[in-house]
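*Asks:* Pasted the sequence and its predicted model underneath.
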Amino acid sequence: MPNRIVLLTGDVEAPHLTRFLQHYNSELTVDWVDSLARLRMSVVDGTAGCRVVALMTDVIVPDDVLNALDGPAYNFHPGPPEYPGSYAAGFAVYEGARTYGVTFHEMATKVDSGPIIDVRRFEISEIAKFKDVEITAFNLAIEMFKLYAEHLATNDTPLPHAHEVWTGKTRTRAEAESLKTLASDLSEDEINRRYRAFG
(Lines give C-alpha, C1' and ligand atoms only; values in the text may rest on other atoms or scores of the structure.)
Protein backbone atom coordinates (compact mmCIF):
# COMPACT_ATOMS: atom_id res chain seq x y z
CA MET A 1 0.00 0.00 0.00
CA PRO A 2 1.38 3.45 -0.86
CA ASN A 3 2.43 5.46 2.17
CA ARG A 4 2.95 8.78 0.37
CA ILE A 5 1.52 10.48 -2.69
CA VAL A 6 3.15 13.53 -4.20
CA LEU A 7 0.25 15.46 -5.69
CA LEU A 8 1.21 17.79 -8.53
CA THR A 9 -1.70 20.18 -9.00
CA GLY A 10 -3.02 23.66 -8.22
CA ASP A 11 -3.60 25.13 -4.78
CA VAL A 12 -7.38 25.20 -5.24
CA GLU A 13 -7.61 21.52 -6.18
CA ALA A 14 -5.03 20.17 -3.72
CA PRO A 15 -7.09 20.07 -0.50
CA HIS A 16 -10.06 18.44 -2.22
CA LEU A 17 -7.95 15.79 -3.97
CA THR A 18 -6.10 15.11 -0.71
CA ARG A 19 -9.41 14.53 1.03
CA PHE A 20 -10.49 12.04 -1.65
CA LEU A 21 -7.26 10.07 -1.24
CA GLN A 22 -7.18 10.09 2.56
CA HIS A 23 -10.80 8.98 2.69
CA TYR A 24 -9.54 5.59 1.49
CA ASN A 25 -6.23 5.58 3.39
CA SER A 26 -6.16 7.66 6.54
CA GLU A 27 -2.48 6.84 7.08
CA LEU A 28 -1.51 8.21 3.68
CA THR A 29 0.75 11.27 3.56
CA VAL A 30 -0.13 13.59 0.69
CA ASP A 31 2.50 16.16 -0.28
CA TRP A 32 1.12 18.91 -2.49
CA VAL A 33 3.57 20.47 -4.94
CA ASP A 34 3.03 23.00 -7.74
CA SER A 35 6.48 23.34 -9.31
CA LEU A 36 9.32 21.21 -10.62
CA ALA A 37 11.61 22.41 -7.85
CA ARG A 38 9.16 21.37 -5.13
CA LEU A 39 8.48 18.09 -6.91
CA ARG A 40 12.19 17.22 -6.98
CA MET A 41 12.59 18.12 -3.31
CA SER A 42 9.62 15.99 -2.34
CA VAL A 43 10.73 12.93 -4.28
CA VAL A 44 14.35 13.22 -3.11
CA ASP A 45 13.11 13.11 0.49
CA GLY A 46 12.39 9.42 -0.01
CA THR A 47 10.75 7.31 -2.69
CA ALA A 48 9.88 4.03 -0.95
CA GLY A 49 6.12 3.64 -1.16
CA CYS A 50 5.87 6.99 -2.95
CA ARG A 51 3.62 7.66 -5.93
CA VAL A 52 3.38 10.82 -8.08
CA VAL A 53 -0.05 11.85 -9.33
CA ALA A 54 -0.62 14.96 -11.46
CA LEU A 55 -3.87 16.67 -12.37
CA MET A 56 -4.32 19.71 -14.60
CA THR A 57 -0.71 20.91 -14.42
CA ASP A 58 1.72 22.27 -17.00
CA VAL A 59 4.74 21.04 -15.03
CA ILE A 60 6.67 18.42 -17.03
CA VAL A 61 7.91 15.58 -14.82
CA PRO A 62 11.50 14.74 -15.90
CA ASP A 63 13.25 11.39 -16.21
CA ASP A 64 15.18 11.67 -12.95
CA VAL A 65 11.92 11.92 -11.00
CA LEU A 66 10.18 9.16 -12.95
CA ASN A 67 13.18 6.83 -12.58
CA ALA A 68 13.37 7.42 -8.83
CA LEU A 69 9.90 5.95 -8.27
CA ASP A 70 9.13 2.30 -7.58
CA GLY A 71 6.12 2.30 -9.91
CA PRO A 72 4.43 4.44 -12.54
CA ALA A 73 3.53 8.08 -12.05
CA TYR A 74 0.08 9.07 -13.26
CA ASN A 75 -1.38 12.13 -14.97
CA PHE A 76 -4.91 13.34 -15.61
CA HIS A 77 -4.43 15.19 -18.90
CA PRO A 78 -7.10 17.80 -19.77
CA GLY A 79 -7.54 16.57 -23.31
CA PRO A 80 -8.27 13.38 -25.26
CA PRO A 81 -5.53 11.28 -26.91
CA GLU A 82 -6.05 13.30 -30.09
CA TYR A 83 -4.73 16.40 -28.31
CA PRO A 84 -1.55 15.73 -26.31
CA GLY A 85 0.56 18.62 -25.09
CA SER A 86 -0.25 22.21 -24.16
CA TYR A 87 -3.39 24.27 -24.86
CA ALA A 88 -5.31 21.14 -25.83
CA ALA A 89 -8.73 22.78 -25.51
CA GLY A 90 -7.64 25.72 -27.64
CA PHE A 91 -6.38 23.53 -30.46
CA ALA A 92 -9.52 21.39 -30.34
CA VAL A 93 -11.73 24.48 -30.69
CA TYR A 94 -9.49 25.97 -33.38
CA GLU A 95 -9.63 22.79 -35.46
CA GLY A 96 -13.38 22.40 -35.07
CA ALA A 97 -13.36 19.19 -33.02
CA ARG A 98 -16.84 18.06 -32.04
CA THR A 99 -15.71 15.88 -29.14
CA TYR A 100 -13.19 16.45 -26.39
CA GLY A 101 -12.25 14.69 -23.18
CA VAL A 102 -9.80 13.79 -20.43
CA THR A 103 -7.04 11.16 -20.58
CA PHE A 104 -5.76 9.33 -17.50
CA HIS A 105 -2.35 7.85 -18.29
CA GLU A 106 1.03 6.75 -17.01
CA MET A 107 3.76 9.34 -17.38
CA ALA A 108 6.63 8.69 -19.77
CA THR A 109 9.76 10.54 -20.88
CA LYS A 110 7.91 12.20 -23.76
CA VAL A 111 5.03 14.44 -22.68
CA ASP A 112 1.58 12.83 -22.95
CA SER A 113 2.81 9.59 -24.50
CA GLY A 114 2.62 7.02 -21.70
CA PRO A 115 0.20 4.07 -21.67
CA ILE A 116 -3.41 5.16 -21.33
CA ILE A 117 -5.53 3.95 -18.42
CA ASP A 118 -8.85 5.59 -19.26
CA VAL A 119 -10.42 8.21 -21.53
CA ARG A 120 -13.71 9.99 -21.00
CA ARG A 121 -15.17 12.12 -23.79
CA PHE A 122 -17.94 14.69 -24.23
CA GLU A 123 -19.43 16.59 -27.15
CA ILE A 124 -18.62 20.23 -27.78
CA SER A 125 -20.61 22.65 -29.90
CA GLU A 126 -19.29 24.32 -33.02
CA ILE A 127 -19.49 27.71 -31.29
CA ALA A 128 -17.81 26.65 -28.02
CA LYS A 129 -15.04 28.80 -26.60
CA PHE A 130 -11.91 27.30 -25.10
CA LYS A 131 -12.91 28.31 -21.55
CA ASP A 132 -16.20 26.42 -21.86
CA VAL A 133 -14.35 23.31 -22.98
CA GLU A 134 -11.69 23.68 -20.26
CA ILE A 135 -14.30 23.98 -17.50
CA THR A 136 -16.14 20.86 -18.65
CA ALA A 137 -12.83 18.97 -18.92
CA PHE A 138 -11.79 20.14 -15.46
CA ASN A 139 -15.01 18.85 -13.90
CA LEU A 140 -14.63 15.55 -15.74
CA ALA A 141 -11.01 15.22 -14.57
CA ILE A 142 -12.14 15.63 -10.95
CA GLU A 143 -14.78 12.94 -11.44
CA MET A 144 -12.17 10.60 -12.93
CA PHE A 145 -9.82 11.32 -10.05
CA LYS A 146 -12.55 10.37 -7.57
CA LEU A 147 -13.14 7.16 -9.50
CA TYR A 148 -9.48 6.10 -9.24
CA ALA A 149 -8.67 7.62 -5.84
CA GLU A 150 -9.18 4.36 -3.95
CA HIS A 151 -6.70 2.45 -6.11
CA LEU A 152 -4.18 5.27 -6.07
CA ALA A 153 -4.37 5.52 -2.27
CA THR A 154 -4.42 1.84 -1.36
CA ASN A 155 -3.00 -0.34 -4.12
CA ASP A 156 0.63 -0.65 -5.24
CA THR A 157 -0.34 -2.59 -8.36
CA PRO A 158 -0.08 -0.58 -11.61
CA LEU A 159 -3.46 0.15 -13.16
CA PRO A 160 -4.33 -1.87 -16.28
CA HIS A 161 -3.88 -0.20 -19.66
CA ALA A 162 -6.79 0.57 -21.95
CA HIS A 163 -6.81 -0.09 -25.70
CA GLU A 164 -6.72 3.65 -26.43
CA VAL A 165 -3.53 5.12 -27.90
CA TRP A 166 -2.21 8.65 -28.41
CA THR A 167 -2.88 9.75 -31.98
CA GLY A 168 -2.46 13.52 -32.13
CA LYS A 169 0.54 15.77 -32.60
CA THR A 170 1.95 17.06 -29.32
CA ARG A 171 1.19 20.78 -29.26
CA THR A 172 3.37 23.39 -27.58
CA ARG A 173 2.85 26.69 -25.82
CA ALA A 174 4.83 28.40 -28.61
CA GLU A 175 2.40 27.14 -31.25
CA ALA A 176 -0.54 28.48 -29.28
CA GLU A 177 1.14 31.83 -28.75
CA SER A 178 1.77 32.16 -32.49
CA LEU A 179 -1.94 31.69 -33.18
CA LYS A 180 -2.78 34.46 -30.72
CA THR A 181 -0.96 36.94 -32.97
CA LEU A 182 -3.39 38.53 -35.42
CA ALA A 183 -1.95 39.63 -38.74
CA SER A 184 -3.70 42.30 -40.83
CA ASP A 185 -4.39 39.91 -43.72
CA LEU A 186 -6.41 37.39 -41.70
CA SER A 187 -10.04 36.82 -42.67
CA GLU A 188 -12.83 37.63 -40.24
CA ASP A 189 -13.59 33.92 -39.93
CA GLU A 190 -9.97 33.15 -38.99
CA ILE A 191 -9.90 35.95 -36.43
CA ASN A 192 -13.09 34.61 -34.83
CA ARG A 193 -11.70 31.06 -34.77
CA ARG A 194 -8.55 32.22 -33.05
CA TYR A 195 -10.48 34.31 -30.54
CA ARG A 196 -12.75 31.37 -29.59
CA ALA A 197 -9.74 29.04 -29.38
CA PHE A 198 -7.15 31.15 -27.60
CA GLY A 199 -8.79 34.36 -26.43
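*Replies:* Received, thanks. Numbering: from 1, shown residues only.
*Asks:* mind listing the strands for this structure?
*Replies:* 4-8, 29-33, 50-55, 74-77, 99-106, 116-123 (DSSP state E).
*Asks:* how near is the residue lying closest to residue 33 once chain neighbours are set aside to residue 193?
*Replies:* Among residues not flanking residue 33 along the chain, residue 39 sits closest, at 4.8 Å (Cβ to Cβ, 6 or more residues apart in numbering). All C-beta atoms are positioned from the backbone trio N, CA, C, and that covers glycine. Taking Cβ to Cβ, to the nearest Å as the measure, residue 39 falls 36 Å from residue 193.
*Asks:* and the closest residue to residue 73 other than its chain neighbours, what are its bridge partners?
*Replies:* Distances taken as Cβ to Cβ, 6+ apart place residue 52 nearest to residue 73, at 3.8 Å, with adjacent residues excluded. Beta-bridge partners of residue 52, counted by DSSP bridges, are residue 6.
*Asks:* which helices and strands sit right next to the helix ranked longest in the chain?
*Replies:* Secondary structure assigned by DSSP state H gives helix 130-154 as the longest helix of the chain. Packed against helix 130-154 by the contact rule (3 or more Cβ pairs under 8 Å, 6 or more residues apart in numbering; DSSP states H and E) you find helix 14-24, strand 50-55, strand 74-77, helix 88-94, strand 99-106, strand 116-123, helix 188-198.
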